[in-house]
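Asker: Would you be able to build a 3D model of this:
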Amino acid sequence: DAMKKSGFEIIDERDLAEDDYGAGNGGKPWMLPLLPSWNPFTQRFQFNWLGRMLTTSMLWCLETCFLAPKGTSKTQIMLQKGGMGCADGGKTKIFTPMYLMVGRVPLNKSVPSAVGGQ
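Answerer: Reported below is the predicted structural model:
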């Protein structure tokens, strides 16, 4: 709607997450790397309660020993919350990172002349 209101002609719009490789066609959902897993050999382990606790504690220990910059564990907590929020939004289909809108100025619309009359 915003593109139409601003004078653009919409050529294509779709959620690329639902295209050929998307979950709607038998593929894996885009938010899979952000969903919790109990496999400790994947990065998804950090999104379950035990993985969050272990990661936060390990980073706090590294901060205390001055092996990681101060604030690393707080940054990790913030980033995990953001990732979990994106995953929840993807599961409920209220968020997608891959929505494509292609538009153009209508062909019959006049283009204003250059500044200074040139």
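Asker: from here on, contacts and neighbour counts on C-alpha atoms
Answerer: Fine.
Asker: in the protein, which ranges drop under the pLDDT threshold?
Answerer: Confidence mapping of the chain against pLDDT under 70 gives the ranges 20-24, 110-118.
Asker: longest helix in the chain, by residue count?
Answerer: Ranked by residue count under DSSP state H, the longest helix found in the chain is helix 72-91.
Asker: can you tell me which residues contact residue 104?
Answerer: Contact partners of residue 104, counting by C-alpha atoms under 8 Å, 6 or more residues apart in numbering, are 8, 9, 10, 11.
Asker: Could you give the bridge partners of it?
Answerer: residue 9 (DSSP bridges).
Asker: could you measure it against residue 98, distance?
Answerer: In this view, residue 104 and residue 98 are 19 Å apart by C-alpha to C-alpha, to the nearest Å.
Asker: Going along the chain, name the helices of the chain.
Answerer: Using DSSP H, the helices of the chain run over 2-5, 49-64, 72-91.
Asker: Centroid-nearest residue for this structure?
Answerer: Nearest residue to the geometric centre of the chain (C-alpha atoms, centre = their mean): residue 97, 4.6 Å.
Asker: Okay, buried residues for stretch 65-83 please.
Answerer: By neighbour count with 16 or more other C-alpha atoms under 10 Å, stretch 65-83 contains the buried residues 73, 80, 83.
Asker: what do you get for stretch 33-53?
Answerer: Applying 16+ other C-alpha under 10 Å to stretch 33-53 flags 33, 34, 35, 36, 37, 44, 45, 46, 47, 51, 52 as buried.
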